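1. here's my sequence, what's the structure:
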Amino acid sequence: MGNVIGSFIGGLLAIGVAVLIFKRLTKKHPPTGEQPVTAMTPPKEDPQKEMADITNRLVRLNITARTTGGLTLDIIQLVEEIIDYLKTTVPQMIERHPSETLTYELKRISAQHLPDIFKEFIDLSEGSREHHHDAFIQALEDIRNQVKRANEIVEQNEQAEFKVMASFLKTKYSEAKI
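-> As a prediction, this is how the structure comes out:
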């Protein structure tokens, strides 16, 4: 019974991931005259409260990953690895560089993008999850690699790379909604 439910959920996630990937691939790109990525205005929200909210969302996501039946160990491990990187990187960015675009993009990945694609996957049928498992793993690995690189940039204080990474993340994950 557990395998059936897991397969059902996997199928649903796979469909969601496929739709997300399709929408991203077919999304119209902005005109070439788009303004360059620049630092954002400082956040108006209390940084400690903002980080607590992000941390709570990531903890809830981690709990969901651990308690949702039918998820494979590789998915759980990837989600947890991404969460670990975000829990390290986002507070450093909020503290050191609150008005950088990279800070905004990492917060958005933490609060929206990662939870949204995860929810889409777990909402799939078991058969759909199985069908889209590899695509979802690839999407998670891509997020992990980008967040890991952002973590390295922050750890080494490569400020020149902030804008490059922020521009990449903004383009890759900009307002992607299903």
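2. name the helix or strand for residue 77, please.
-> Using DSSP states H and E, residue 77 sits within helix 73-96.
3. try residue 139
-> helix 126-155.
4. can you name the next helix or strand after that helix?
-> Trace forward from helix 126-155 with DSSP H and E and the next one is helix 159-173.
5. confidence score at residue 116?
-> pLDDT for residue 116: 92.
6. give me the angle between the next helix or strand after the helix holding residue 77 and helix 159-173.
-> Next along the chain after helix 73-96, taking DSSP H and E as the criterion, comes helix 101-108. On the basis of axes from the mean of the first three to the mean of the last three CA atoms, to 10 degrees, helix 101-108 is oriented at 40 degrees to helix 159-173.
7. where in this protein is pLDDT low?
-> Low-confidence segments of the chain (pLDDT under 70): 1-45, 162, 173-178.
8. spatially central residue for it, please.
-> residue 114 (3.1 Å; CA atoms, centre = their mean).
9. buried residues, whichever strand or helix holds that one. List them.
-> In the assignment (DSSP H and E), residue 114 maps to helix 114-122. By neighbour count with 16 or more other CB atoms under 10 Å, helix 114-122 contains the buried residues 114-115, 117-118, 120-122. C-beta here means a position set from N, CA and C on the backbone, and glycine is covered the same way.
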